[in-house]
Every structure is written in C-alpha cells, then in structure tokens.
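# need a 3D model of the sequence below.
(chains A and B)
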Amino acid sequence: MLNTQNILIDFKNISKTYGNNLVLDELNLSIKENEFLTLLGPSGCGKTTTLRILGGFEKPDQGQVIFDGKDITSLPPNKRNLNTVFQKYALFTHMTIAENIAFGLKISGKSKTYIDDKIKYALKLVNLDGFEDRQADSLSGGQQQRIAIARAIVNEPKVLLLDEPLGALDLKLRQDMSYELIRLKNELGITFIYVTHDQEEALTMSDTIVVMNQGYIQQMGTPEDIYNEPQNAFVADFIGESNILPAIMIEDKLVEILGARFACVDIGFGKNKPVDVVIRPEDIDLVKPEEGTIQGRVTHLIFKGVHYEMEVMANGYEWLVHSTDMVEVGQEVGIHVDPYDIQIMNKPESEDEEAVGINE
Amino acid sequence: MNKNRKLLSGPYLVWSIAFIIIPLAMIFYYGFTDETGAFTFANIAQMGTMENLKALGLALLLSLVSTIVCLILAYPLAMILSNLNVNQTSFVVLIFILPMWMNFLLRTLAWQNLLEKNGVINGILNFLHLPELQIINTPYAIVLGMVYNFLPFMVLPLYNVLIKIDKDIINAARDLGATEKQTFLKVIFPLSLPGVISGITMVFVPALTTFVISDLLGGSKILLIGNVIEQKFKQGSNWNVGSGLSLVMMIFILLSMAVTTKYDKDGNGGAF
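As a prediction, the model looks like this:
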C-alpha cells in the first residue's frame, strides 16, 4: 500500500540572494508524496525561486534539497525526476504539438510506437485530441497551457512543478483549468507543486498551502486551517477579506476589541496581553442595536451577487460585513460575533512577519 | 493632414528615383545594348568567358569560406553576448563595434601594412626569430580581410535572435531531459536559424561583390568578379560589359535574398 505520509522532498536551510536582495532566508520545507502543495504569496516572496531551485534552474547559496532520499542540490535539471510547466508555457515554437510532447521521450530513447501511444494518451488527457500536427503558436493561451502540461507529464515524473500556469488566462478559463488540474492530479497520482499569488486558486486546489512572504514561510496548513485560523495578520489579510483589529486578551475566552468585550474560544494567551484579532466579514451578524455587542451605523452598501457587502462604522472602525440580508445605509445596527468566529493571533514578533507588501 | 503626410515621403521619393531607380535603369540599358546602342545579349554572355568564370568561381569560393569562418566565430560570441546582463553587453558590443567606426578602406589598408613582407607582423616574427608569415597577395589574406570587415554583420543578427529566445524555453528543454549539447542542437540552433540565414546573406553578398579587399590584400594578381567589373568600368571604360556582368551578379544576390525571405518569414532576423 502506498504510504501517503512519505516525505518526498525536503528543503533544508535554503538561502538565496540576488545581489543585495535576500530572496529566501533559511527556508525549511517538507513535501509529502502525492500532495497537491501550493506556494502562495505576493510577488517577490520567494515562491518562484523555491520552485526554480527544486527544478534545478537556480542554485541555492546555502542549504540542501533532498529528493527521494538523495541530495539533488547540484544536480542539473535534466538529471532530476521531475518536470516543470512554465509560466509562459515555453513551448518549442519550431516544432509541431506532437514533436513538443515527444521531446522528452525521444531524448530518453523510447521506441516510436511507445512515443506515439504516449502522445495520443497525453492529448486525450488534456482534452486536445487530434492536435498532433498543429504548430505551437497557432494555439490559444489555454490550449498552449494544456500542451505544456501534456509535454511534462508524458515523461512520468514523480513531481510536476507548475509556475503560475493559469496566470495568463482569463477568469473563466482559469476556473475551468483549476478543475482540470485537480482531475489530472487525481488521475496521475503524483505530487503537484504549484506556485501562485491567487489565493482563490490556492484554496480551491491544494491539499496543503504554504503562505510565503519576504523569503519566509508565514504559515503552512490545509486550506481550511489557513483560512479559518491564520497565524498572523499577513496571512489573514492575504487570504480572503478580513477585519484585522488590535485587541487585548483580558483573560482566557474573553477579548476586548475597540473597548467592547467579546467572548471567544482561545486560551493560553495570558492576561491583559495585546493581540491581533481576525474576524471574517461573513462571520459578522448584524442584529438589532440592543442585541449587539457594539452598535454602529451602516455607511456603505454594495450588491456583490451572492451577498451584500456593507461597511458599518462602530467604535471608530469601519467593519467589513458580508451578508445575504440587506441593511439600508444609515440604519443603526448591532454587531454580534459568535465566539468561535473570532481568531486571536499573537502580535508580530519581528518585522519580517508584519503584513508588508499586502497591497501589491 | 493626409496630404501633408504624403508630402513627408517626398524627399525619400526623390532620393530613390535619382539614386536607385534611374541608375538601375541605366545599368539595364547599358547591360542590354552595345556601344552603338543596339540591343544585344553579348554583355551578359561575357560572364561565360573562361577568365570571368574563373573570377566568379573564386569570388564564390572565397566569400563562401569567409561566411563559414564568420559564422563559426560569430555564433559563440553572440551566445556569450546574449547571456550577459545589459551593462556588460553594451561594453562588449562597444569593444566589438569600435573598429567599425574607422573607415573601411583604412582598416583594409591597415591589414595590408600588417601583413606585408616587411610589415608589422613579420617585423615582430623576425624579432622573435620565428618563421615569416607570407599570406599577403594570396587568397588567405583576402579571406582574412573579408572576415575582419564583415564579422559584425554576422554577429548582430545572431545576437538579435538569440537574445529573443525565452530563457524558459531553454530551461524547458533541460527540464525534459536534454543535455546542454542536445538543448543547443534541438532547440537553440533551430530557433536561431532566421538570424543565421540573415547573417549569412549580410556577409555573403558584400563579400561576393567586393573589389577593394581583393585589390589591397590580393595584389593585382588575384581577380575576383568584383575586380573584373571594376576594371571594365574604369580601365576599359566598357560600361556595357560592366553592366552586363553586374546584372548577372544581381541574379546571385537576388537568389540569396530569396533564400533569406523564405526562411526568415517572421521577420525576426532583425537585419533588414
């Protein structure tokens, strides 16, 4: 039986600088076999560099990359049992689609019938049957993306690296392709390592998300963990919309936000300790003024399709609220938050953890 | 507005009529007439004489050799250039282009001085008690002159295509298992073909028709087809035969241009 808990890839103390720019600082990361792992973060956070070090296109200044028990840090890309899908597809424009897909197989000296079968199989897998003789540059962006994936997977790599593969596609196509990728991952049963700055893509597809910023891993966990229990303000702000507020932990299960006391479920922070709290906009209930913990007035109202987005001015802070019920602008409301919807976080200890670069 | 814009092309129009179209028409006229002005194919047929065929053959051979030498020298240089960062590139290109700011004739004369029997190079070789270099007035000196003068025209189109190849395409080839050598043969070189073709034309055509280089470095003993045509115009004052031979040469040039356009369909050779 396949043990899915096997560690397949291990980054050990990887650092990388470009000029004076520290891109990765002593990164440690373990990736399990058969995992769909996403490196998520704003541009310049080191996610692409991490992927390129694994692909063999960059050498780390220090540290080791262990792959399947072997140190591959200084192995050239052609000796690694993994394949990459590049951001701008990087198809060979002087070849047909079939020649593109056959490239890796021809180099490894496979027989012609084997190669032909593989081309057929791969094109079927990415839903582009019959495209063998087309030229690479005659295809649309989405089609080129599929060919890039087909070209990589025919080599039966243990790991597929994907560098923002959907970045250049439009929204609808992006959504379709992310479902395709999940299906492919399940059919192939290999490890996917995916790089993106799009939190929605990350939440939809991943088994594990690694949130990165400024060369550090901010948080690693399942999509649910990352969304519901962000460990710091950066993660909270980068993943989804949120109200991030300074607060004081009065005692276990009681927090004071903007002068009002809310019941929560967190313990072990100590007494009267300054903390940050995250409250997701959909977790705020607007109730009658006298039933709320604090009172305020609705200042903005936008219809978003699935829900209404409202801003409520209360105790000097504009609370972002998502609700399927509409409340008119100007109306007095009370704000209620269920205890388990309040996420308490320690204040950042160093500058690196601060929510910098969020607005990119 | 539209009318004013059309006026802007006026100077170029006048220029091309005066210095391109009319001279071309005159060459056609002289090429197909004899001294009395009667129509004839005799001038064209002059290319068939033993002496002229020999000059043409030698010109084709020497320019072919020069083109190959240029390609072999230029390709690695262009690859190195395309891998440097921008600051380094402009410095290296400057060093490379610097000699081109000197007059073409001066450069060739300088080579004549360097290579001469009692020239600079042999002076140094004598001083070091090494055997003399005796290539002046031989085809080797002509090839050397051609390579020296035309090398930049090979480097630039090659550099232009190589710099445009996405680094990730090269990474993709490596990623798919290709060694550096395989990556070069299967990906980099095929993708650089437009630049190769462009460079070949840019070197081959001027080398084929040159008469200055063969004059100065080949002595008067070695006649290329360029020298023959030059002599017809200057010494023999026979414009008719000179024009006739020029027309034949034009066919060779058009042929190599046709090859260029056929392979350079994307127009990314960057040379023309």
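
# chain center to whichever strand or helix holds B:L7: distance?
Using DSSP states H and E, the element containing B:L7 is helix B:2-8. For helix B:2-8, the separation from the chain centroid amounts to 36 Å (computed by Cα atoms, centre = their mean, to the nearest Å).

# what's the local residue count around B:Q231?
B:Q231 has 16 neighbours, counted by other Cβ atoms under 10 Å in any protein chain shown. (Each C-beta comes from the backbone N, C-alpha and C, glycine too.)

# residues in contact with the helix or strand hosting it: which ones?
Using DSSP H and E, the element containing B:Q231 is helix B:225-234. The contact list for helix B:225-234 (Cβ atoms under 8 Å, 6 or more residues apart in numbering or on different chains) reads B:51-52, B:55-56, B:58-59, B:208-211, B:214-215, B:238-239, B:241-242, B:245-246, B:249.

# helix/strand/coil for A:M313?
Secondary structure for A:M313, judged by DSSP: H, G, I helix; E, B strand; the rest coil, is strand.

# how about A:F57?
Under three-state DSSP, the three-state class of A:F57 is coil.

# okay, the closest residue to it other than its chain neighbours: pLDDT?
Leaving out its chain neighbours, the residue that sits closest to A:F57 by Cβ to Cβ, 6 or more residues apart in numbering or on different chains is B:N171, at 5.1 Å. Looking at B:N171, its pLDDT is 95.

# just to revisit the earlier point, of the contacts of helix B:225-234, buried ones?
Buried members of those, scored by 16 or more other Cβ atoms under 10 Å in any protein chain shown, are B:52, B:55-56, B:58-59, B:208-211, B:214-215, B:238-239, B:241-242, B:245-246, B:249.

# report the buried residues of stretch B:214-224.
Buried residues in stretch B:214-224, counted by 16+ other Cβ under 10 Å: B:214-218, B:222-224.

# next, the residue sitting nearest the centre point of chain B: phi, psi?
What sits nearest the mean C-alpha location of chain B, by Cα atoms, centre = their mean, is B:V203, with 2.6 Å. Note on B:V203: its backbone torsions stand at phi -90, psi -40 [degrees, to the nearest 10].

# also B:I135?
The phi/psi pair for B:I135 (degrees, to the nearest 10) is phi -120, psi -10.

# chain A versus that one, what's the distance?
From B:I135 across to chain A, the span is 41 Å (Cβ to the nearest Cβ, to the nearest Å).

# so which helix or strand takes in the closest residue to chain B within the stretch 201-350 of chain A?
Closest approach between the stretch 201-350 of chain A and chain B, counting by Cβ to the nearest Cβ: A:E201, at 20.4 Å. Per DSSP H and E: A:E201 is located in helix A:199-205.

# as a whole number, average confidence for that helix?
91.

# give me the helices and strands touching it, please.
strand A:36-40, helix A:171-188, strand A:191-196, helix A:223-228 (3 or more Cβ pairs under 8 Å, 6 or more residues apart in numbering or on different chains; DSSP states H and E).

# out of these, deepest packed?
strand A:36-40 (a mean of 26; mean count of other Cβ atoms under 10 Å in any protein chain shown).

# give the partner strands of it in its sheet and their orientations.
Applying DSSP bridges, strand A:36-40 is found paired with strand A:191-196 (parallel), strand A:208-213 (parallel).

# dump those to JSON lines, plus mean pLDDT.
Below are those laid out as JSON lines (pLDDT from 0 to 100):
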{"stretch": "strand A:191-196", "mean pLDDT": "95"}
{"stretch": "strand A:208-213", "mean pLDDT": "95"}
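
# contacting residues around the spatially closest residue to A:I217 that is not a sequence neighbour?
Spatial nearest neighbour of A:I217, chain neighbours left out: A:V210 (5.7 Å); criterion: Cβ to Cβ, 6+ apart. Contacts were defined as Cβ under 8 Å, 6+ apart; by that measure A:V210 touches A:29, A:37-40, A:217, A:219-220.

# pLDDT value on the residue of chain B found nearest chain A, please?
At 3.6 Å from chain A, B:L176 is the closest residue in chain B, using Cβ to the nearest Cβ. On the pLDDT scale, B:L176 is placed at 95.

# same check, this time on the one 5 residues further on
The per-residue pLDDT reported for B:K181 equals 95.

# which element is it on?
Going by DSSP H and E, B:K181 is part of helix B:180-183.

# centre of the chain to that helix, how far?
Distance of helix B:180-183 from its chain centroid, counting by Cα atoms, centre = their mean, is 30 Å.

# report the contact partners of the nearest residue to A:R80 once chain neighbours are set aside.
Distances taken as Cβ to Cβ, 6+ apart place A:G56 nearest to A:R80, at 5.3 Å, with adjacent residues excluded. Residues near A:G56 by Cβ under 8 Å, 6+ apart: A:72, A:75-77, A:79-80, B:174-175.

# which among these end up buried?
Neighbour-count burial (16+ other Cβ under 10 Å) applied to those gives A:72, A:77, A:80, B:174-175.

# A:I101: which of the residues you listed is nearest?
B:D175 (13.8 Å; Cβ to Cβ).

# mind listing what that closest one touches?
Contacts of B:D175 (Cβ under 8 Å, 6+ apart): A:55-57, A:77-78, A:83-84, A:152.

# can you check A:V65 too?
By Cβ under 8 Å, 6+ apart, the residues touching A:V65 are A:9-12, A:14, A:53-54, A:71-73.

# that's all I had, so thanks and see you.
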